[in-house]
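[1] Make a model of this:
(chains A and B)
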Amino acid sequence: MHELSIATTIVDEVCRHAATSGGSRVTAVTLRIGRLSGVCADPLRFCFEAASQGTPLDGARLEIIDVPVRIWCSTCSLESELPSLQRFACPHCSRPCGDIRAGRELDLESIEMEAVAPASIDPDSSMPALDIASNLPPPP
Amino acid sequence: MNQPRILQVRTKILKANDETARAMRQRFESLGLLVVNMVSSPGTGKTALLRETLIRLSHRGVKVAAVVGDLETDNDARRLATSGAPVRQILTHGLCHLEAAMVDEHLKGWDLAELQILFIENVGNLVCPTSWDLGESVRVALLSVTEGEDKPLKYPGLFNTADLAVITKIDLAGPCEFDGDCARANIESVRPGMPILEVSVKTGAGIDAWIDDLLERRSSAHRQTLTDCG
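    Next comes the predicted model:
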């Protein structure tokens, strides 16, 4: 049941971010979980719910982005999604292939927090949502 | 109403473990120490193989030590200590895997510069240890003939992170109707190119090859350190 270790690590990390961002309530947490990460979504949800009780994450949604395994075939010079974890082979030429380019992810992607009305800013002007996403490069 | 704020974090969930493991690996590499993380289901024979390995390597003058993880009891550490090598038990008290900080903590007080090969016997589990880097040089996935040939297909995640596969209890292959070709093909299917060894602690079959493999890995780790220092 290592999902409990993962869930408590996530809750601690999100609490840290939430505290440095004004301490507002967290409404959603998004993860990227690769199919080779060894982590299962359902037990993780169960543990996340338990681990988040009594924290600023209590009741937060857990969004999980499933990341399929992608392998690089040097013969075809092609990156492909692996159709089955039982066979690490290029789906085009069928040659065995162990060059994994995606699928081991166990990443905390983003945190959604309730907006906090800024005290020092003119209350008539609305605070724009913090949108760092549009300024970041796409994930590797 | 204010829009919710989205904070893009993009960090590894096990960042703290990864950083500890990275620091440990750098320390091990700077000393030319080979660190072997042994992972398998409960009952594969990790402790029996490790005890035999500690004895054989000690007889050959190799300085070895081991840390062993279990949920409860220090039975394995006591079994391993009969080899004469320094051994420490890590009790996880219910946790299904070892984490880098636990191993680091249990290495305190040992002069790692005096060691040549350190073994980490992980908690018996084919799923959970997958995600935790322990700073090891080599991850060995063990599979016993009593478990069936398709274990690698059932647990591709763990076999896929391994550097070496060892099939244990090979003396029981006949009575268990174990199909070695099928098992090797399954390992190859989930981890193409991974070397596979077959051993029996009972008869001694394959143990020399396993010991030679470890010594070769230790030599290259040591050579690499000399190159880096020189």
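[2] Could you pull out the helices in the chain for me?
    No chain specified, so I'll use chain A. Remark: helices assigned in chain A by DSSP state H are A:3-20, A:41-52.
[3] that answer is for a different chain, and I need it for chain B
    So, for chain B - with DSSP H - the helices run B:15-31, B:46-59, B:75-81, B:100-106, B:151-154, B:156-161, B:180-190, B:207-229.
[4] Would you mind finding the most buried of the ones you listed?
    Mean neighbours per residue, mean count of other CB atoms under 10 Å in any protein chain shown, is largest over those for helix B:156-161, with a mean of 23. C-beta: built from backbone N, CA, C; applies to glycine.
[5] Give me the residues contacting it.
    A:36-38, A:85-86, A:88, A:98, A:100, B:39, B:126-127, B:129-130, B:139, B:141, B:151-152, B:165, B:187, B:190-191, B:194 (CB atoms under 8 Å, 6 or more residues apart in numbering or on different chains).
[6] Also stretch B:44-52?
    With CB under 8 Å, 6+ apart, stretch B:44-52 has contacts from B:38, B:40, B:66, B:68, B:76, B:79-80, B:82-83, B:119, B:121-122, B:124, B:142-144, B:147, B:166, B:168-169, B:199, B:201, B:207, B:210.
[7] Now list the buried members of those residues.
    B:38, B:40, B:66, B:68, B:76, B:80, B:83, B:119, B:121-122, B:124, B:142-144, B:147, B:166, B:168-169, B:199, B:201, B:207, B:210 (16 or more other CB atoms under 10 Å in any protein chain shown).
[8] what sits against the nearest residue to residue B:15 once chain neighbours are set aside?
    With CB to CB, 6 or more residues apart in numbering or on different chains as the criterion, residue B:15 has its nearest non-adjacent residue at 7.9 Å, and that residue is residue A:13. Residue A:13 is in contact with A:108, B:9, B:11, B:13, B:15, counting by CB under 8 Å, 6+ apart.
[9] go on, residue B:129?
    By CB under 8 Å, 6+ apart, the neighbours of residue B:129 are B:37, B:39, B:96, B:97, B:98, B:122, B:123, B:158.
[10] okay if I get these as a markdown table plus pLDDT and distance to residue A:114?
    What follows is the contacts of residue B:129, written out as a markdown table (pLDDT from 0 to 100; distance: CB to CB, whole Å):
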| residue | pLDDT | distance to residue A:114 |
| --- | --- | --- |
| B:37 | 98 | 43 |
| B:39 | 97 | 42 |
| B:96 | 90 | 35 |
| B:97 | 92 | 35 |
| B:98 | 95 | 38 |
| B:122 | 96 | 41 |
| B:123 | 95 | 40 |
| B:158 | 91 | 40 |
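[11] Make JSON lines out of the contacts of residue A:13 and add pLDDT and distance to residue B:108.
    As requested, these are arranged in JSON lines below (pLDDT from 0 to 100; distance: CB to CB, whole Å):
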{"residue": "A:108", "pLDDT": "97", "distance to residue B:108": "30"}
{"residue": "B:9", "pLDDT": "92", "distance to residue B:108": "33"}
{"residue": "B:11", "pLDDT": "94", "distance to residue B:108": "28"}
{"residue": "B:13", "pLDDT": "95", "distance to residue B:108": "27"}
{"residue": "B:15", "pLDDT": "94", "distance to residue B:108": "23"}
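[12] Mark which of those are buried, thanks.
    Counted by 16+ other CB under 10 Å, the contacts of residue A:13 give A:108, B:9, B:13 as buried.
[13] and which of these is nearest residue A:19?
    Distance to residue A:19 across those (CB to CB) is lowest for residue B:9, with 13.5 Å.
[14] Check the gap between that closest one and residue B:219 for me.
    43 Å (CB to CB, to the nearest Å).
[15] again with residue B:137
    For residue B:137 relative to residue B:219 (CB to CB), the value is 12 Å.
[16] Same question for residue B:97.
    30 Å.
[17] what's the neighbour count on residue A:48?
    Residues contacting residue A:48 under the criterion other CB atoms under 10 Å in any protein chain shown number 24.
[18] Same question for the one 5 residues further on.
    The local packing of residue A:53 (other CB under 10 Å) involves 10 other residues.
[19] How about residue B:138?
    Neighbour number of residue B:138 under other CB under 10 Å is 17.
[20] and it, what are its bridge partners?
    As for beta bridges, residue B:138 partners with residue B:36 under DSSP bridges.
[21] hang on, the earlier thing: now, which of the buried ones among the contacts of stretch B:44-52 lie within strands?
    Among the buried ones among the contacts of stretch B:44-52, the residues falling in strands (DSSP state E) are B:38, B:66, B:68, B:119, B:121, B:142, B:143, B:144, B:166, B:168.
[22] Contacts only, for the last one.
    With contacts taken as CB under 8 Å, 6+ apart, residue B:168 has the following neighbours: B:40, B:44, B:45, B:48, B:49, B:142, B:143, B:144, B:145, B:199, B:200, B:201.
[23] got those as JSON lines, with pLDDT columns?
    JSON lines is the format used below for those (pLDDT from 0 to 100):
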{"residue": "B:40", "pLDDT": "96"}
{"residue": "B:44", "pLDDT": "97"}
{"residue": "B:45", "pLDDT": "96"}
{"residue": "B:48", "pLDDT": "97"}
{"residue": "B:49", "pLDDT": "98"}
{"residue": "B:142", "pLDDT": "98"}
{"residue": "B:143", "pLDDT": "97"}
{"residue": "B:144", "pLDDT": "98"}
{"residue": "B:145", "pLDDT": "98"}
{"residue": "B:199", "pLDDT": "98"}
{"residue": "B:200", "pLDDT": "98"}
{"residue": "B:201", "pLDDT": "98"}
